[in-house]
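Novice: I would like the atomic coordinates for the input below:
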Amino acid sequence: MAVAALADQALALTALQPVSEVGNPFIFDASSEQNGMFSIEKHEWPIEPFMPGADLISVVEFSGSETLDAFVPSAGGLYRQPADYVWSNQRLPYSQSGQWGYLRVLPSGDSRILPLTGGVPPLHAAS
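Specialist: Sure thing, here's the model as predicted:
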């Protein structure tokens, strides 16, 4: 899948409590000042996102000052189950110090998050 095609379909999730609709692909960004082990409960993603047939992983190590992008193909995991999933740094001292949160996966058609309408800001000419 081309980068542009994936970018059109995916949503970069960086909020404290990211939300997605079940089955939607998304990108989860993670970073830390120290070495870490990033994971999303019951989710897997390809180790090389743009290589067809790449192995799937559920935990990935990243070094200090490195940014990680996990290109997750389906919110809700393999079986596309709506639920609250824990994302975390799998190094226990970091999880205990607060490097974790919830990924909320909503059922298809859920109306708690609606598309923005009229969200284009007005253009003003400089004077």
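Novice: residue ranges with poor pLDDT in this structure?
Specialist: The model of the chain has pLDDT under 70 over residues 1-17, 114-116, 118-121, 127.
Novice: in it, which residue is closest to the centre?
Specialist: Closest residue to the average C-alpha location of the chain: Phe28 at 2.6 Å, with CA atoms, centre = their mean.
Novice: Quick check: it touching Ala75?
Specialist: No: Phe28 lies out of contact with Ala75 (CB atoms under 8 Å); the separation is 10.1 Å. (Each C-beta comes from the backbone N, C-alpha and C, glycine too.)
Novice: For burial, what's the neighbour tally of Ser111?
Specialist: Neighbourhood size, Ser111 [other CB atoms under 10 Å]: 6.
Novice: what does Gln96 give?
Specialist: Number of residues near Gln96 (other CB under 10 Å) recorded here: 11.
Novice: One more: Arg80?
Specialist: The burial count for Arg80: 15, using other CB under 10 Å.
Novice: does it count as helix, strand or coil?
Specialist: Here Arg80 is recorded as coil under DSSP: H, G, I helix; E, B strand; the rest coil.
Novice: Tyr94 now?
Specialist: helix.
Novice: Please name the nearest non-neighbouring residue to it.
Specialist: Gly36 (6.2 Å; CB to CB, 6 or more residues apart in numbering).
Novice: Report the beta-bridge partner residues of the one you found.
Specialist: Per DSSP bridges, the residues bridged to Gly36 are Phe62.
Novice: Contact partners for it?
Specialist: Gly36 is in contact with 30, 61-62, 89-91, 94, 99, counting by CB atoms under 8 Å, 6 or more residues apart in numbering.
Novice: Pro18: which of the residues you listed is nearest?
Specialist: Comparing the contacts of Gly36 against Pro18 with CB to CB places Ala30 closest, at 11.2 Å.
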